[in-house]
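Asker: next come a sequence and a model predicted from it.
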Amino acid sequence: MKTAKELAQEFIGLKSVLIFCHTRPDGDTLGSAMALCTALRKKQIECDIVCDGIVPEKYHFISLAKHILKPECVMKKYQAHIAVDVATENLLGTTWGIFTSSDKTFVVDHHASNERYAKVNFVATAPATAMIVCKIIENMGVEFDKDIANSILLGIVTDTALFLNNNVNEECFTISAKMLSYGANMDEIVTNLYKNQSKARAQLYAEVIGRTKFYLHDRLAVVVTTLSDLNKYNLQSDETEGFVDFPLSISGVEVAVSILQTKSELYRVSFRSKGRVNVNDVAQEFGGGGHKFASGCVVKGIFEEVIEKIIRAVDINLY
């Protein structure tokens with residue numbers, strides 16, 4: 001695998017770049033993309049970002065978030081395509097065809113389950129992809145400004161859940177301190193991500209959490225959001241981000257699962273673990289993946305069968 005310095009040198013030799021985020025984008029994929037895009041533009045390299053998914057308004061405090069392209073708005077060719085924080089090709093959604101149309105494809109990621117689907121795959125161990133992107137930018141010789149710093153810190157805060165996850169290490173704080181010195185605003189990030197939800201989202205959260213179900217002698221907690229729930233409060237699916245965190249906080253629960261219905265018999269499933277269970281292994285049984293303590297997948301079928309499969313898969317990995 002190339003070093004961060006080698007990859008940085010290759011990036012600054014490009015003339016135009018399109019950066020790809022994963023579907024249902026979170027702060028790490030968006031922060032990584034926006035930081036890298038800003039850095040490339042500082043090197044006079046034409047660069048845009050594309051995402052098959054709605055970019056939630058809570059990320060719009062970084063101006064570039066408002067200008068991320070939808071797949072149908074990509075009207076020109078770019079010399080290279082770079083996917084950031086995208087573990088599997090299916091997470092590119094409808095942008096997969098665009099991604100593979102280039103002879104120069106790159107992946108920058110931190111997921112252990114990454115499928116290495118690009119020509120060049122830079123997959124390293126880190127609590128957030130934004131930390132890897134930070135090293136690449138440093139090796140590009142780009143001066144960090146507030147936008148880059150805010151984007152990097154956004155990615156770190158998101159994927160460490162405000163430094164509460166067990167993936168936090170010393171480097172998280174070292175890089176975060178650097179970003180603060182470059183002008184990143186922690187209060188702005190925290191306020192937009194965690195202290196600015198709508199009344200409708202709060203009502204949905206209360207209803208969904210109130211229906212939490214427990215299985216496997218209370219070691220598994222499951223919350224479910226249906227299409228009717230979203231319609232009731234006129235919300236998009238991205239508003240359920242973070243629902244999985246509360247059931248994991250319950251004493252005795254080893255694994256928390258958030259099930260989001262996306263179609264009549266299609267469910268997006270998020271797994272979280274306190275450490276005893278490798279939920280990456282669980283998610284991979286359904287064609288998904290991610291991290292040891294945080295993973296996801298998509299499961300098809302009627303709900304009763306889906307929940308039975310999930311319980312069985314977690315049960316096998318509990319012992």
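Answerer: Nice, I can see it.
Asker: only C-alpha atoms for contact and neighbour calcs from this point on.
Answerer: Will do.
Asker: so what strands line up beside the helix or strand bottoming out on mean pLDDT in the chain?
Answerer: Least confident helix or strand of the chain, by mean pLDDT, DSSP states H and E, is strand 289-290 with a mean of 89. Within its sheet, and counting by DSSP bridges, strand 289-290 is paired with strand 294-300 (antiparallel).
Asker: grab the CA positions of the strand it pairs with and hand them over as CSV.
Answerer: Extracted as CSV, the C-alpha positions of strand 294-300 are listed here (Å, rounded to 0.1, in the frame of the first residue of the first chain):
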residue,chain,number,x,y,z
ALA,A,294,-20.2,-0.4,14.8
SER,A,295,-21.4,-1.9,11.6
GLY,A,296,-24.4,-2.0,9.3
CYS,A,297,-26.2,-3.9,6.5
VAL,A,298,-29.4,-4.1,4.5
VAL,A,299,-31.8,-7.0,5.0
LYS,A,300,-34.7,-8.0,2.8
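Asker: next secondary structure after that strand?
Answerer: helix 303-318 (DSSP states H and E).
Asker: can you give me the strands for this structure?
Answerer: Secondary structure of the chain (DSSP state E): strands located at 16-20, 46-50, 80-84, 105-109, 120-123, 213-215, 220-225, 255-263, 266-273, 289-290, 294-300.
Asker: centre of the chain to the second one, how far?
Answerer: Averaging C-alpha positions (Cα atoms, centre = their mean, to the nearest Å) puts strand 46-50 18 Å from its chain's average.
Asker: what's the angle between that strand and strand 16-20?
Answerer: Relative orientation of strand 46-50 versus strand 16-20 (axes from the mean of the first three to the mean of the last three Cα atoms, to 10 degrees): 20 degrees.
Asker: which neighbouring elements make contact with strand 46-50?
Answerer: Under the contact definition 3 or more Cα pairs under 8 Å, 6 or more residues apart in numbering; DSSP states H and E, strand 46-50 sits against strand 16-20, helix 27-42.
Asker: of these, which is nearest residue 76?
Answerer: With Cα to Cα, the closest approach to residue 76 among the helices and strands packed on strand 46-50 belongs to strand 16-20: 9.9 Å.
Asker: the closest one pairs with which strands, and in what direction?
Answerer: Strand 16-20 is paired, per DSSP bridges, with strand 46-50 (parallel), strand 80-84 (parallel).
Asker: residues touching residue 51, list them.
Answerer: For residue 51, the contacting residues are 20, 21, 22, 23, 25, 68, 69, 70, 71, 92, 95, by Cα atoms under 8 Å, 6 or more residues apart in numbering.
Asker: make a markdown table out of these and add neighbour count, distance to residue 43 and pLDDT.
Answerer: Shown next, in a markdown table, are the contacts of residue 51 (neighbours: other Cα atoms under 10 Å; distance: Cα to Cα, whole Å; pLDDT from 0 to 100):
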| residue | neighbour count | distance to residue 43 | pLDDT |
| --- | --- | --- | --- |
| 20 | 30 | 19 | 98 |
| 21 | 29 | 21 | 98 |
| 22 | 25 | 25 | 96 |
| 23 | 19 | 28 | 92 |
| 25 | 21 | 26 | 95 |
| 68 | 22 | 19 | 98 |
| 69 | 19 | 21 | 98 |
| 70 | 16 | 24 | 97 |
| 71 | 19 | 25 | 97 |
| 92 | 23 | 26 | 96 |
| 95 | 22 | 26 | 97 |
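Asker: next, format those as a markdown table and append distance to residue 128.
Answerer: Formatted as a markdown table, the contacts of residue 51 follow (distance: Cα to Cα, whole Å):
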| residue | distance to residue 128 |
| --- | --- |
| 20 | 16 |
| 21 | 14 |
| 22 | 14 |
| 23 | 17 |
| 25 | 14 |
| 68 | 21 |
| 69 | 23 |
| 70 | 24 |
| 71 | 25 |
| 92 | 18 |
| 95 | 23 |
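Asker: from these, which is closest to residue 253?
Answerer: Nearest to residue 253 among the contacts of residue 51, counting by Cα to Cα, is residue 25 at 27.1 Å.
Asker: list the contacts of that closest one.
Answerer: Residue 25 makes contact with 51, 53, 54, 55 under the criterion Cα under 8 Å, 6+ apart.
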